[in-house]
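[1] task: produce atomic coordinates for the following.
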Amino acid sequence: MAQYRKLGKSTDQRTAILKNQVSELIWLSKIETTVQKAKEVRKLAEKLITLAVNTYEDTVTVKKAIIGANGKVTNKDVVNDGPKKLCARRKIMANVRDLKELKIRNESATAYKLRTAEINHPIVEKLFNELAPKYAKRAADKGTPGGYTKIVRTGFRRGDNAETAIIQLV
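    From the prediction side, this is the model:
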């Protein structure tokens, strides 16, 4: 028996659908889909969040020499990802679609560029900076890791009568 659902799609279509839905789930914290897709999305999302939770604190401080405009050299401490966090970041980037940071209403183009200048991969940054600390604290309080998602069945879809569900981050 297969360890995954085929969802009536070929491999490339199925992986594309799941990558898109996992990305949207992480970005929006809630999506509506069929129950079968929700169960597959849960598997992927939980693995990626666990990977982020286990490695988000792995950082290394490095001294960099910066040459100023007047030719003066100054040393600056820079915090880089450690080897485990870097590997986890690459695995996550391989399994999610990179989403673009949205422009806030009435935000000028220059303000948007300034706000997003330091962010290369917004979904990965959200995982490591927002979700991983939140779920690490939750795991420490409860004593058990995992259980980051919840599936709520919402009935049947008109047209094809497929059972639908809302999957959300807890």
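[2] and the residue at the greatest distance from the centre of the chain, how far from residue 64?
    Centroid-distance maximum for the chain: residue 70 at 41.7 Å, with Cα atoms, centre = their mean. Separation of residue 70 from residue 64 (Cβ to Cβ, to the nearest Å) stands at 18 Å. Any C-beta I mention is one placed from the backbone N, CA and C, and that applies to glycine too.
[3] downstream of the longest helix along the chain, the next helix or strand is which one?
    Counting residues, the longest helix in the chain under DSSP state H turns out to be helix 35-55. As assigned by DSSP states H and E, the chain's next helix or strand after helix 35-55 is strand 59-67.
[4] coming back round to it: what mean pLDDT does the longest helix of the chain have?
    Averaging pLDDT along helix 35-55 yields 95.
[5] same for that helix, what does it pack against?
    With contacts defined as 3 or more Cβ pairs under 8 Å, 6 or more residues apart in numbering; DSSP states H and E, the packing partners of helix 35-55 are helix 11-28, helix 83-95, helix 132-142, strand 149-156, strand 163-169.
[6] can you list the weak-confidence ranges in this structure?
    Where the chain drops to pLDDT under 70, the residues are 1-2.
[7] do that again at 50, thanks
    For the chain, the stretches with pLDDT under 50 are 1.
[8] stretch 58-71: which residues count as buried?
    The neighbour-count criterion (16 or more other Cβ atoms under 10 Å) identifies no buried residues in stretch 58-71.
[9] residues contacting it, please?
    Stretch 58-71 is contacted from outside by 73-85, using Cβ atoms under 8 Å, 6 or more residues apart in numbering.
[10] please repeat the previous calculation with a cut-off of 6 Å.
    The contact list for stretch 58-71 (Cβ atoms under 6 Å, 6 or more residues apart in numbering) reads 73-80, 82, 84-85.
[11] those residues, buried ones only, as a PyMOL selection?
    Those of the contacts of stretch 58-71 that count as buried under 16+ other Cβ under 10 Å are selected in PyMOL with:
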select buried, resi 85
